[in-house]
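A.B. asks: sequence plus the predicted model coming up.
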Amino acid sequence: MAAAAHETQPATQHATTTGIDNRKVMMWIFLASECLFFGALISTYLIFKGDSLVGPYPKEILNIPVTSTSTFVLLMSSLTMVLAVYGAQHGRLGMMKVMLLATILLGLGFLGFQAYEFTEFVHEGLGLTTNQFGTSFFVLTGFHGTHVAVGVLYLLSLLVASNRRTGLGRDRALHIDIAGLYWHFVDVVWIVIFTIIYLIPN
Amino acid sequence: MSHDAHAESHEEHPPTTIREYVMIGFVLFVVTVVELWVSYNEQILGSTMIPVLFVLSAFKFAVVVAMFMHLRFEHSLLWKLFSFGLILGTAMIIALTALFWHDRTDAVGGPEYHTGSTQAEASAPGGAAPAPAKH
Amino acid sequence: MATAIGVMTHAEEDTGLWSWLTTVDHKRIGAVYTVAGFIFFMIGGLEAVAVRTQLAVPNGTVLDADRYNQFFTMHALTMIFLAIMPMGAGFFNYFIPLQIGARDVAFPRLNALSLWIFLGGGLLLNSSFFLGGAPNGGWFGYAPLSSIEYAKTSGMTFYVVGLLTLGLSTLIASLNFAVTIINMRAPGMSMMRLPVFIWMVLVVAFLLILSLPVLTVGLLQLYFDRVWGTSFFSPATGGDPILWQHIFWIFGHPEVYVLILPSMGIVSEVLPVMSKKPLFGYSAIVFAGAAIGVLGFGVWAHHMFTTGLGPVPQVVFSASTMAIGIPTGIKIFNWLGTMYGGNIRFVTATYFSVAFIALFTIGGISGVMHASPPIDGHHQDSYFVVAHLHYVLFGGAIMGIFAGLFYWFPKMSGRMLDETLGKIGFWIMFVGMNLTFFPMHFLGLAGMPRRIYTYDADLGWDTWNMVATIGSYTIATSVLIFVINVIKTMRKDKDAGDDPWGGATLEWATSSPPPAHDFDVIPEVRDRDPLWYDRDHGIARAAVPEHNHIHMPPPSYFPLIVALGALLIAVGSMTHLSVLGLGAVIAIYGVWGWALEPTD
Ligand code: HEM
Ligand SMILES: [Cu+2]
């Protein structure tokens, strides 16, 4: 405390009513909102299930082993993410940076798998407009992929910022923690999507 | 910077250790493998397969949210805020699928609904959308 | 004390254009929102007058069918997204921090961002008039009227992109307001001491946070249908137009409560002060507001009774719709109970508040009428629904907003609006509103459909249509009188003082208009009506310490840059990928600069 006493407190960081930092509250509310975003996309996918007038149908085209691998990659990225948060919270900056980098790479890996999957599908004749499966599949997984990509940019900017002379500043642990919340959420959404699209028989 | 070292002093953090995090990651991995096994063995589980898959993925969801996102150790407000969205989103998925499932059985003249007039309208020529292709 | 140490920023005392463009002061942002919302209100009003002029007589020739479609669609979009919501947002911005005893919102720069994105989105939507035709498929954009086959102009693409842009602005603002209310309250301001207005804002924020993403998904799907050739909503290739209706109304019904709850909050502030007694049944009114918020998510299909939902869903949605009438009714009793036995001051704000109760009740009752599917079968798509929605939206939302304008104008400008002109304007508006919308009940029951651009002479609709059109000109007159009133008032000296009404809530505990830092000393809250409590218990306002250095966030131009990027992304999604890419680069640059910008 004594060390921080003479520092100026920004207006937004006064002791808050609930004691939780504003930014953290906002992230959790935002994630609640995201539940509805993905809820609507998932609903659409389910509603159009079996409504394709022409093939390829999901059974013929989904490559479960490949996607299981990418699912595993994303799952592991959650582990590295949580370790990055751990590093940030316990002042182990080296660990934090390495784990951030690992998370970014795993996220890119997931995106790579998705790019591969999409191109494969197009080769096999399933485009965005081919049938209802194609439409709802690409839009649902595409928006999930966009979220992963945004997450990669988010983590990348934190990694870059943490290497500045001033690092991430006083709120280092909080910044990484909040980014982690977003990242884990994108991961749990994938858990649901994976079950609904890939695991449940079509 | 010098104050970096003090940064964590006013930040509460979850009690979970690295070892525990890795264990949790491992459990998640195992559950995923079980899910795959279930998915490939429809003939064994039959009609219980879909519920089993949902339970397993709900378990993974809960573990990540509670431990990795450390919601378990947070102020109950955050838990309430998030679960409101989660419950609403889930309810919406259930309601919409149910509404459209009904729509389908109605349009194809399934046994669920025999309300004379709706039936007649739904099957009137040109009245119904093209029947969905089943495969 | 909790007061921060630091230096006072004087930048906020600037009045140049740059200081407004870079402001992060919630009061300035609120003022811009209110003024912009009012300008859009007048534009939307002109569109409505044009529509009514066309319908004044049978076989009218003022607007052709195509232009008529653009006008009624843009009228609704403007009134909902560019007038009522922004004027509400103006009050939220201005009065949330003042009423909860904070110095600003939780995220001042995000607040500026939502303002600029809103302005950009509003201009984007309206520019469509000059760029090939405005949206013409109704504010609900039903498929297939929104599909590329039937809406060939770019109008409905403007609809999609415009609403996505406005939705982004609204989402950001709602997150900000929610966090502010949860986390920035003055000491002693517990949840059950929050002013009712603040409670209603909280409910509105959550309604938007949880319903906007659903609309976003629907709009994106429509975008893909129109631009990329998918068929989410076209049945020929397996899509389903009914899906759009579900998605739209899952957002749309919560949205109508977004429009009305702020006005309910305003009336709940005005009536106690003007009746000189505390609000009757505080917890009931708060609970009813929250119940409306929750139930509001479970009634959407009452807009779809005639789509063949099937018997079970019809019963369920009919019941839930009727149920939502209960908390709504509770509130009406709260307001009546507040006035009952009170020492009522009949100022203009009181007039508008009382009119709100009466007119909203009429609209609520017709709402419960079409909660019954067989009755709705007759009402649906007829002028009866138009009568309903205008009684709740004009009689409710707009009357409430005018009550708020008269009540809070002294705080925002330091000057009292002219009461005589105000009352004259009120009566003209009240008469005009009923002249316009009451006959629509008869027209609807006589079978006149909504959204038709003309009608034949022998249908028995002539008289009431003429009456309604006369009413619309009457309303326009009253709005003009209000504008004159504002101009006149702004010319005179400040005469309001800190607390002209003897208010109960914290905004009256500071000067009018308030200083940049809102309060010299953050007030301590001891009761639901803090100022009355302090008055009755002889508690003096805390003395201002001698060295009162208050640190306010510095101005920032990054919100403007990010908003520019977002707007270019929106434009690019309708024109060329390169514009979109440029927008993305600008937005990312803005976010990066924003993140690194010191806020100390
Ligand atoms: C007691 C509460 C209410 C009930 C039971 C109710 C019920 C309904 C129903 C059943 C409809 C569908 C009518 C049809 O299209 O056939 C409807 C339409 C509408 N209501 Fe309400 N309503 C209520 C309050 C409100 C409020 C407070 C607002 C807005 C401030 C509102 C705005 C609207 C609008 C804009 C429409 C027309 C939507 C459209 O088709 O464009 N209602 N209402
Ligand atoms: Cu509704």
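C.D. replies: Yes, it's here. Ligands and ions are numbered 1, 2, ... in the order given.
A.B. asks: any idea how far the residue nearest to C:His441 when sequence neighbours are not counted lies from C:Val483?
C.D. replies: Among residues not flanking C:His441 along the chain, C:Ala387 sits closest, at 4.5 Å (C-beta to C-beta, 6 or more residues apart in numbering or on different chains). (C-beta placed from N, C-alpha, C; glycine too.) Separation of C:Ala387 from C:Val483 (C-beta to C-beta, to the nearest Å): 27 Å.
A.B. asks: looking at those two, which has the bigger crowd around it?
C.D. replies: C:Ala387 (24 against 12; other C-beta atoms under 10 Å in any protein chain shown).
A.B. asks: got a list of what that one touches?
C.D. replies: C:Ser366, C:Phe437, C:Phe438, C:Met440, C:His441, C:Leu443, C:Gly444 (C-beta atoms under 8 Å, 6 or more residues apart in numbering or on different chains).
A.B. asks: buried stuff in the strand or helix carrying C:Thr469?
C.D. replies: Assigned by DSSP states H and E, C:Thr469 belongs to helix C:462-491. Buried residues in helix C:462-491, counted by 16 or more other C-beta atoms under 10 Å in any protein chain shown: C:464-469, C:471-472, C:474-476, C:478-479, C:481-482, C:485-486, C:489.
A.B. asks: what about the residue of the stretch 301-450 of chain C found nearest ligand 1, how many neighbours?
C.D. replies: Nearest residue of the stretch 301-450 of chain C to ligand 1 (C-beta to the nearest ligand atom) works out as C:Gly367 at 2.6 Å. Using other C-beta under 10 Å, C:Gly367 has 21 neighbouring residues.
A.B. asks: please name the nearest non-neighbouring residue to it.
C.D. replies: Nearest to C:Gly367 is C:His388, by C-beta to C-beta, 6+ apart, at 5.7 Å.
A.B. asks: and that neighbour, how far from C:Ser128?
C.D. replies: Taking C-beta to C-beta, one finds C:His388 at 28 Å from C:Ser128.
A.B. asks: centre-most residue in chain A?
C.D. replies: A:Val186 (3.1 Å; C-alpha atoms, centre = their mean).
A.B. asks: wait, what's in contact with it?
C.D. replies: A:His144, A:His147, A:Val148, A:Gly151.
A.B. asks: mind redoing it with 6 Å?
C.D. replies: A:His147, A:Val148, A:Gly151 (C-beta atoms under 6 Å, 6 or more residues apart in numbering or on different chains).
A.B. asks: buried residues in the helix or strand hosting the last one?
C.D. replies: When secondary structure is defined using DSSP H and E, the element that contains A:Gly151 is helix A:132-162. Neighbour-count burial for helix A:132-162 flags A:132-141, A:143-145, A:147-149, A:151-152, A:154-159, A:161-162 (criterion: 16+ other C-beta under 10 Å).
A.B. asks: C:Ile100 is in contact with C:Pro523, correct?
C.D. replies: No. Judged on C-beta atoms under 6 Å, C:Pro523 makes no contact with C:Ile100 at a distance of 10.0 Å.
A.B. asks: and these two? Which one has more around it.
C.D. replies: Using other C-beta under 10 Å as the criterion, C:Pro523 and C:Ile100 rank with C:Ile100 on top: 24 against 21.
A.B. asks: roughly how far apart are the more buried one and C:Ile401?
C.D. replies: Distance from C:Ile100 to C:Ile401, by C-beta to C-beta: 21 Å.
A.B. asks: do C:Ser190 as well
C.D. replies: On the measure of C-beta to C-beta, C:Ser190 and C:Ile401 end up 28 Å apart.
A.B. asks: and what of A:Leu74?
C.D. replies: 48 Å.
A.B. asks: compare the two (neighbour count), which wins?
C.D. replies: Between A:Leu74 and C:Ile401, counted using other C-beta under 10 Å, C:Ile401 has the larger neighbour count: 26 against 22.
A.B. asks: element containing the more buried one?
C.D. replies: helix C:399-413.
A.B. asks: now do the buried residues in that helix.
C.D. replies: For helix C:399-413, a neighbour-count test (16+ other C-beta under 10 Å) marks C:399-413 as buried.
A.B. asks: okay, that helix in CSV with CA atoms only?
C.D. replies: Coordinates of each C-alpha in helix C:399-413 appear next as CSV, following Å, rounded to 0.1, in the frame of the first residue of the first chain:
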residue,chain,number,x,y,z
MET,C,399,-45.3,12.0,-23.2
GLY,C,400,-42.8,10.7,-20.6
ILE,C,401,-39.9,12.1,-22.5
PHE,C,402,-41.6,15.5,-22.6
ALA,C,403,-42.3,15.3,-18.9
GLY,C,404,-38.6,14.6,-18.5
LEU,C,405,-37.6,17.5,-20.7
PHE,C,406,-39.7,20.0,-18.7
TYR,C,407,-38.6,18.5,-15.4
TRP,C,408,-34.8,18.3,-16.1
PHE,C,409,-34.4,21.2,-18.5
PRO,C,410,-33.6,23.6,-15.6
LYS,C,411,-30.9,21.2,-14.4
MET,C,412,-29.4,20.8,-17.8
SER,C,413,-29.4,24.4,-18.8
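A.B. asks: if anything else comes up later, I'll come back, but that's it for now.
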